[in-house]
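> no FASTA, just this:
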């Protein structure tokens, strides 16, 4: 066989779903598919229905490449909620409207509950009954929590009379399935996105420049920083914390705090950037969260689309702050407990959410006391601000231990190692052994704590580049990704949620 011959079957296999290699943004397969997508999208971009149909079909194919046959689940969710939302809008009788909304909730949360929580409940039942636990073979479709919440917000907003239904089912299918944010967010609101569909597709020079900038920063965060420190350090620490000193465990926690930020915000950056290249706007999803001075500010900066979703559709539905202080604190804790459960079906996620909920309640309590500190010098205020950031960051890092550890036992081992086996004398030996990892961690944290103005200047610099300069920048990032890659393509952390 000639060295230039092409194995047609192997080439065809690249277009089929492979559970070992789900389609993600930082893969060569996606780059190839996206370039092909653009060749068709660009001439269709001035049309309306043909453009929506093509993008929707590509999005469904994108989800098929991520979750296989479960793309049918996405289609069924779309059909059910579009139908129920229209019925809610046309119905004037309140009990009928409430019943239709309940059907939407049951359909969405029922599907989410089956795929995500069946084995969790089965394990609890098995432990209570004293019988061996044998998990059911249930595949968790990628990003099911994201498109479920996105679709639910649509029916709830129509029930609350804050939104009119989509003009056509194709509009709604486009909204639910739009591939940049489909599998790991951000959770897009219909009120923000649907009005964009009726406008002509337009990509300004600023949009194009910002899109390229965000795609490059997202790739750098995910494929260079997050992947490298995960594979070469963080995973080793969390897999066997007792094999490492407390110092190594602590830096492993710092490493995971950076890894999950770079992984998830990197995906969000790429999603927002790709959407901009196609002429669509998403709201920001991360805003330098580790610069926060308190836990309330952290949740205004971290995974903004989820935190605002939980506030608008769960916290406010529970009564928000309208039923007295005690209920306000309780509602905060309940919201974050359920937010923890949304992230994963395990008690460690519930504990993670509960700790954040308790911290939010305590911060709200102190804020309500209106304690006024005496007037301070600017230097003292700066020191207090740094101290608040330090404390908030370390509280978040402590909570990340439960989020990342494979079990409560492993989380306990890690905390024990940090508390009792710290051994600072191995610091220089540790630095020598992990200099590449520590260098990337330093780069990641320095970039994270840079002022927003610096980031804006970098974005303007990229925007003002000629097209050849932008292309060179993208190619440089891809070369860096290839140079630092130490294993196969690593899925995004939030794929599992």
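Cool, got the structure. This structure is a prediction, so every number in the text was calculated from the model and none was measured.

> quick check, pLDDT for residue 36.
At residue 36, the model reports a pLDDT of 88.

> what do you get for residue 371?
Reading off the model, residue 371 has pLDDT 70.

> cool, residue 489 as well?
At residue 489, pLDDT is 54.

> before we move on, what about the one 4 residues further on?
Taken from the predicted model, the pLDDT recorded for residue 493 is 56.

> and for residue 15?
Looking at residue 15, the pLDDT reads 69.

> show me the helices in the stretch 301-450 of the chain, by range?
Listed in chain order, the helices of the stretch 301-450 of the chain (DSSP state H, counting those that start in this stretch) span 304-310, 325-343, 347-368, 378-404, 408-420, 427-433, 435-448.

> would you turn those helices into TSV with mean neighbour count, mean pLDDT and distance to residue 200?
Quick note: C-beta positions are derived from backbone N, CA and C, even for glycine. Below are these laid out as TSV (neighbours: other C-beta atoms under 10 Å; pLDDT from 0 to 100; distance: least, C-beta to C-beta, whole Å):
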stretch	mean neighbour count	mean pLDDT	distance to residue 200
helix 304-310	21	91	26
helix 325-343	19	91	37
helix 347-368	18	93	43
helix 378-404	15	92	43
helix 408-420	16	95	52
helix 427-433	12	92	55
helix 435-448	16	94	36
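
> adding distance to residue 116, write those helices out as a markdown table.
Shown next, in a markdown table, are these (distance: least, C-beta to C-beta, whole Å):
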| stretch | distance to residue 116 |
| --- | --- |
| helix 304-310 | 15 |
| helix 325-343 | 9 |
| helix 347-368 | 11 |
| helix 378-404 | 16 |
| helix 408-420 | 19 |
| helix 427-433 | 38 |
| helix 435-448 | 30 |
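
> which among those helices is found nearest to residue 477?
Among those, helix 435-448 comes nearest to residue 477, with 14.0 Å by C-beta to C-beta.

> unless I'm mixing things up, residue 261 is touching residue 286, no?
Yes - between residue 261 and residue 286 there is a contact under C-beta atoms under 8 Å: 7.3 Å.

> those two: which is more packed in?
residue 261 (23 against 20; other C-beta atoms under 10 Å).

> returning to that earlier point: for residue 106, find the nearest of the helices of the stretch 301-450 of the chain.
Residue 106 lies closest, by C-beta to C-beta, to one member of these: helix 325-343, at 16.8 Å.

> what is the closest one packed up against?
Under the contact definition 3 or more C-beta pairs under 8 Å, 6 or more residues apart in numbering; DSSP states H and E, helix 325-343 sits against helix 304-310, helix 347-368.

> 10 Å - rerun?
On a contact count with 3 or more C-beta pairs under 10 Å, 6 or more residues apart in numbering; DSSP states H and E, helix 325-343 meets helix 94-129, helix 144-159, helix 295-301, helix 304-310, helix 347-368, helix 378-404.

> how about those helices in JSON lines, adding distance to residue 422?
As requested, the helices and strands packed on helix 325-343 are arranged in JSON lines below (distance: least, C-beta to C-beta, whole Å):
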{"stretch": "helix 94-129", "distance to residue 422": "35"}
{"stretch": "helix 144-159", "distance to residue 422": "37"}
{"stretch": "helix 295-301", "distance to residue 422": "26"}
{"stretch": "helix 304-310", "distance to residue 422": "34"}
{"stretch": "helix 347-368", "distance to residue 422": "23"}
{"stretch": "helix 378-404", "distance to residue 422": "15"}
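
> out of those, which gets nearest to residue 470?
Among the helices and strands packed on helix 325-343, the nearest to residue 470 by C-beta to C-beta is helix 304-310 (27.2 Å).

> out of the helices of the stretch 301-450 of the chain, which gets nearest to residue 224?
Closest among the helices of the stretch 301-450 of the chain, using C-beta to C-beta: helix 435-448, at 7.2 Å.

> still on that earlier bit, so which of the helices and strands packed on helix 325-343 comes closest to residue 272?
Residue 272 sits nearest to helix 304-310 of all these, at 10.8 Å, using C-beta to C-beta.
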